[in-house]
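# Take a look and give me a structure for this.
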Amino acid sequence: MLTYFARILVFIVVALMLAGKSVAQEQAAIQALATVVSSLSITGTNNLQFGAVTPGVTKSVDKATIGFAGEWEVIGTSSAELTIDFSLPDTLRTVDSLGAMRIDFTATDAAYSDGTGSQSTPTGTVNPNGPIVRRIGGGGTMTFWIGGTV
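Reported below is the predicted structural model:
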């Protein structure tokens, strides 16, 4: 049985014997290519506004209610794929944090336009409770609206 040192020596001898033979060497080159896209910009343009509410009295704002539904705009590269994941609160608190009201978002409380729709006739409705995947419209902008219930 060969020791570790003897095995290394045998490997080196075999490698030197093979090194004396002619071996053809081929080479090839490739380029690394990428399309660099502009960064993504997200701007909130309207807060979700419930107005005056009373604890124990249900009040809803529809995603299509202009001036009251939450709204934000996404600007990026046309046709870029987005994964949208809303961070939604489950309660609204008073400024002094002494009072709170539950806030709920249903599977149809959000909508978007990829440039082919509007707030009253959106491109589609989305579920704000889970991540969604959509593509930015041809004009490079996308608008989202959200409503909810307290």
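# okay, CA-based contacts and neighbour counts for the rest of this
Noted.
# shaky segments in the protein?
Across the chain, the ranges flagged by pLDDT under 70 are 1-24, 35-38.
# For it, which segments are assigned as strands?
All strands of the chain, identified by DSSP state E, fall at 41-46, 60-61, 70-75, 81-84, 91-93, 100-102, 110-113, 124-126, 132-135, 141-146, 148-149.
# Give me the contact list for the fourth one.
Yep, that's strand 81-84 we're talking about. If you take Cα atoms under 8 Å, 6 or more residues apart in numbering as the criterion, strand 81-84 is touched by Pro131, Ile132, Val133, Arg134, Arg135, Ile136.
# Work out the sheet partners of that strand and label each with its direction, please.
Sheet pairing for strand 81-84, assigned by DSSP bridges, gives strand 132-135 (antiparallel).
# what about the partner strand, distance to the chain center?
With Cα atoms, centre = their mean, to the nearest Å as the basis, strand 132-135 stands 8 Å off its chain's centre.
# cool, stretch 71-85 as well?
Its chain's C-alpha centre and that of stretch 71-85 lie 8 Å apart, by Cα atoms, centre = their mean.
# So among the contacts of strand 81-84, which ones count as buried?
Arg135, Ile136 (16 or more other Cα atoms under 10 Å).
# if we can go back for a sec, quick one, which of the strands of the chain is nearest to Ala29?
Set against Ala29 and scored by Cα to Cα, these come closest in strand 81-84, at 31.6 Å.
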